[in-house]
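Asks: sequence and computational prediction follow.
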Amino acid sequence: MELGLIPVIPLGFAFFLPPVAFLTGKKRRFVLIYALIALTATFLSSLWLFEKTYSSNTPLVYAFGNWVAPIGIVFEVDRLSANIILTVTFGFLMAGVYSMRFLDNSHGLDFFYTFLLGLEAGVIGAFMTGDAFNLFVMLEVIGASAYAIVGFYRNRSKAIEGAFKYGISGAVATSLYFLALGFLYASFGTVNMANLSAEFHGISFPVTTRVFGDPALALAFFFALTIAMVLIKSAIFPGHYWLPDAYQGAPIPVGAVMSGFVEIVGIYSLMRFIYTIFQGFPSEILSLTFFILGSATAFLGSIMMTVQKDVKRIIAYSTILHMGYLFMTVGAGTQLALLAINFHMVNHAIAKMLLFFTVGTFIYKSRSTELDSLAGIGRGMPLTTALFGIATLSLVGVPPLNVFFSKMLIFDALLQVSPVLASVVIITSAIAAWAYFRLFIIIWRGKSPASQEEIPASMTSTSLLLGILVIILGLLAPLLIDIYFYPATLQAMNYRAYIEAVKMLVG
């Protein structure tokens, strides 16, 4: 299998789904089988990619059309990005299975899966790209799919409002990044990531150009604009405003994949630029920016969780809280920080999907997202309630569940910088714990509402599988860190290997 085919699989299936669905009379069963084949094939391809990256001592490189860098666009995948891609494809597969019955009474199922596959293709492409401009293209692919799928319930005002805010904000964000690329190209004469790193570190590179002007000034403008993009894309204060409305209006499975995978694309991009491409760039001001805005985001997310009356908005602010943790940790600039970010991205995605899916089951049963309507519903659904409890305990950071270990790594990485920064994790986790406890009490107490709605096996089974993973990833965390995440961290910080992998392709 060719490396470049992996994001093409979901994109190709997405492209052909609408006409094929039309030709087959938009039969629900056919659409579901088609979509699940696409999602499964993408997941299997990511397993192949994962095995390939860990059996190779250097990052994998693919040149589109055999046009080698820096003339052509390349994909470059190391172990760190492979970890995330495997989690992404598994999560999208779970969301696809969960959606089969969750969207039972919804029209336009073919378009839902079209946008879901398009979103997956964009996210995978963003994690695979070795070209800064191609990252912009992938952000646009993500945006086009995400704006549409957030507004899937087009007859509901909240969905339209959420999609509109997300669309306008996302367009501003990608425009900022496009301007950032202008400063980068004007000074370095390239947007290939390996070439940029070679220019920055004074390493010779084929078909290279000399650096123009003051590269430090160009990088300062580049990072300022890129950070502004990430503030919006990853819902970091003060660019977080769109996310609660988008989650409130979107279907539950959409919120699950956005929270676990779409929102981290911006943070991953910063991580790649700071820890690999421009490793060693003066970072005092950058670090201070990350620490201040990340802390503010964490406090905002945790405090706002306690006052919401809609369960989707509680989860939305929980996502903002964890994006704040990741953003803070990027500023530490250490090997431990990179390890913590990578591990937390995986752990948060799995636990947050479990939270979304269990809450989605409550919503499916009650047909409401208001807390008052959910009172007592958990008493008649003991398995779902137990899995909901596991998700909340994990996200708070209770051992031995998975998020506890990545939170500990984040705490240790921030503690190396300042005890004050580390205390932000403790304080905000305590506030979030109170919000989750309040939600659990509401769901458990009171008379269980009368409902004849049967919970589909597909929804229960996906939640159960995620719940088991939350426990297993926690119990095996030390082993997983040693075998997979620590080697991935070392490789991601080896900018020389990142450069040489592309140079070898050039020959």
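Replies: Noted; the coordinates are in hand.

Asks: where does Gly239 land in three-state SS?
Replies: Three-state call for Gly239 (DSSP: H, G, I helix; E, B strand; the rest coil): coil.

Asks: that one and Leu300, how far apart?
Replies: 11 Å (CB to CB, to the nearest Å). Every C-beta, even on glycine, is put in place using the N, C-alpha and C of the backbone.

Asks: repeat for Leu395
Replies: Per CB to CB, Leu395 is found 17 Å from Leu300.

Asks: the more surrounded of these two?
Replies: Shown here are Leu395 and Leu300; by other CB atoms under 10 Å, Leu395 has more neighbours (29 against 19).

Asks: check which helix or strand covers the more buried one.
Replies: helix 382-396 (DSSP states H and E).

Asks: that helix - contacts with which helices or strands?
Replies: helix 335-366, helix 402-415, helix 419-444, helix 457-475 (3 or more CB pairs under 8 Å, 6 or more residues apart in numbering; DSSP states H and E).

Asks: chain center to that helix, what's the gap?
Replies: 21 Å (CA atoms, centre = their mean, to the nearest Å).

Asks: with stretch 472-483 instead?
Replies: For stretch 472-483, the distance to the chain centre is 21 Å (CA atoms, centre = their mean).

Asks: picking that back up, please identify the buried residues of the helix holding Leu395?
Replies: The neighbour-count check on helix 382-396 (16 or more other CB atoms under 10 Å) flags Thr384, Thr385, Leu387, Phe388, Gly389, Ile390, Ala391, Thr392, Leu393, Ser394, Leu395, Val396 as buried.

Asks: export it to PDB, keeping only CA atoms.
Replies: Output in PDB follows, covering the C-alpha atoms of helix 382-396 (Å, rounded to 0.1, in the frame of the first residue of the first chain):
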ATOM      1  CA  PRO A 382     -27.200   1.000  34.700                       C
ATOM      2  CA  LEU A 383     -24.600   0.000  32.100                       C
ATOM      3  CA  THR A 384     -24.700   3.300  30.300                       C
ATOM      4  CA  THR A 385     -24.600   5.200  33.600                       C
ATOM      5  CA  ALA A 386     -21.600   3.100  34.800                       C
ATOM      6  CA  LEU A 387     -19.800   3.800  31.500                       C
ATOM      7  CA  PHE A 388     -20.700   7.500  31.900                       C
ATOM      8  CA  GLY A 389     -19.100   7.400  35.400                       C
ATOM      9  CA  ILE A 390     -15.900   5.800  34.000                       C
ATOM     10  CA  ALA A 391     -15.700   8.600  31.300                       C
ATOM     11  CA  THR A 392     -16.000  11.400  33.800                       C
ATOM     12  CA  LEU A 393     -13.700   9.800  36.400                       C
ATOM     13  CA  SER A 394     -11.100   9.400  33.600                       C
ATOM     14  CA  LEU A 395     -11.400  12.900  32.400                       C
ATOM     15  CA  VAL A 396     -11.000  14.300  35.900                       C
END
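
Asks: mind putting the helices and strands packed on helix 382-396 into TSV with mean pLDDT?
Replies: Below are the helices and strands packed on helix 382-396 laid out as TSV (pLDDT from 0 to 100):
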stretch	mean pLDDT
helix 335-366	95
helix 402-415	96
helix 419-444	95
helix 457-475	95
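
Asks: show the contacting residues for Leu464.
Replies: Leu383, Leu387 (CB atoms under 8 Å, 6 or more residues apart in numbering).

Asks: quick one: strands adjacent to the strand or helix carrying Val61?
Replies: Assigned by DSSP H and E, Val61 belongs to strand 60-63. Applying DSSP bridges, strand 60-63 is found paired with strand 74-77 (antiparallel).

Asks: pLDDT of the next helix or strand after the partner strand, averaged?
Replies: Using DSSP H and E, the next helix or strand after strand 74-77 towards the C-terminus is helix 79-102. Helix 79-102 shows a mean pLDDT of 96 in the predicted model.

Asks: which strands or helices does helix 79-102 pack on?
Replies: The contact analysis (3+ CB pairs under 8 Å, 6+ apart) places helix 79-102 against helix 28-54, helix 109-128, helix 252-257, helix 264-272, helix 335-366, helix 457-475, helix 486-492.

Asks: can you rerun that using 7 Å?
Replies: helix 28-54, helix 109-128, helix 252-257, helix 335-366, helix 457-475, helix 486-492 (3 or more CB pairs under 7 Å, 6 or more residues apart in numbering; DSSP states H and E).

Asks: angle of that helix against helix 28-54?
Replies: Here the directions of helix 79-102 and helix 28-54 differ by 170 degrees (axes from the mean of the first three to the mean of the last three CA atoms, to 10 degrees).

Asks: now helix 79-102: how far from the chain's centre is it?
Replies: The chain centre lies 10 Å from the centre of helix 79-102; the measure is CA atoms, centre = their mean.

Asks: from the centroid of this structure, which residue is nearest?
Replies: When CA atoms, centre = their mean is applied to the chain, the residue found nearest the centroid is Phe261 (2.0 Å).

Asks: what about it, distance to Leu300?
Replies: Distance of Phe261 to Leu300, given as CB to CB: 22 Å.

Asks: check Asp110 too.
Replies: Remark: distance between Asp110 and Leu300 (CB to CB) = 38 Å.

Asks: still on that earlier bit, contact partners of the helix holding Leu395?
Replies: Helix 382-396 has contacts (CB atoms under 7 Å, 6 or more residues apart in numbering) with 318, 351-352, 354-355, 358-359, 361, 378, 401-403, 429, 432-433, 436, 440, 443-444, 460, 463-464, 467, 470.

Asks: which among these count as buried?
Replies: 318, 351-352, 354-355, 358-359, 361, 378, 401-403, 429, 432-433, 436, 440, 443-444, 460, 463-464, 467, 470.

Asks: what mean pLDDT would you report for the strand or helix carrying Leu288?
Replies: Secondary-structure assignment from DSSP H and E places Leu288 in helix 284-305. Average pLDDT, helix 284-305: 94.

Asks: that one packs against which elements?
Replies: So helix 284-305, by 3+ CB pairs under 7 Å, 6+ apart, packs with helix 311-330, helix 419-444.

Asks: run through this structure and note the low-pLDDT ranges.
Replies: 1, 282, 446-453, 506-507 (pLDDT under 70).

Asks: distance check, the nearest residue to Ala63 once chain neighbours are set aside against Leu371.
Replies: What sits nearest to Ala63 in space, not counting adjacent residues and going by CB to CB, 6 or more residues apart in numbering, is Val74, at 5.1 Å. Per CB to CB, Val74 is found 49 Å from Leu371.
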